[in-house]
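In: How does the following fold in three dimensions:
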Amino acid sequence: MLCIKLLQLDNKLRADELAFLLTGGVALGDDYGPIPADWITEKIWGEINRVSALPSMKTFLPHFSKNIELYKVMYESPNPDQWAFPADATMC
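Out: Next up, the predicted model:
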């Protein structure tokens, strides 16, 4: 909580980003189109689309769509926390 508050005070964490972090976004029955791979669940596809609506993540969905097999490696990894996230995935 302290870290979150400090980030907010330094304007390094936006309210919409915090809300997504805490909730995964709110699913309102939106249609995000066909799911592009069989390993992607409906819940994951919705969260990918909702996070891409955040200004800091606006390029993530196009990057994900072009690199689905790369993200499958992370999805199947026993240690996804050690996976090297592509730097160009969130370039604004």
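In: which parts of the worst-scoring helix or strand of the chain on mean pLDDT are buried?
Out: Least confident helix or strand, the chain: helix 15-23 with a mean of 88, by mean pLDDT, DSSP states H and E. Buried positions in helix 15-23, judged by neighbour count with 16 or more other C-beta atoms under 10 Å: E17, F20. All C-beta atoms are positioned from the backbone trio N, CA, C, and that covers glycine.
In: packing partners for it?
Out: helix 2-9 (3 or more C-beta pairs under 8 Å, 6 or more residues apart in numbering; DSSP states H and E).
In: Looking at the helix it packs on now, give me its mean pLDDT.
Out: The average pLDDT within helix 2-9 is 91.
In: which other residues reach it?
Out: Here helix 2-9 makes contact (C-beta atoms under 8 Å, 6 or more residues apart in numbering) with L13, A15, L18.
In: How about the last one, nearest residue that isn't a chain neighbour?
Out: To tie it back to what came earlier, the one meant is L18. Once flanking residues are discounted, L18 sits nearest to I4: 6.7 Å by C-beta to C-beta, 6 or more residues apart in numbering.
In: and if you look at the first one?
Out: In this structure, L13 finds its nearest non-sequential neighbour in L7, 3.8 Å apart by C-beta to C-beta, 6+ apart.
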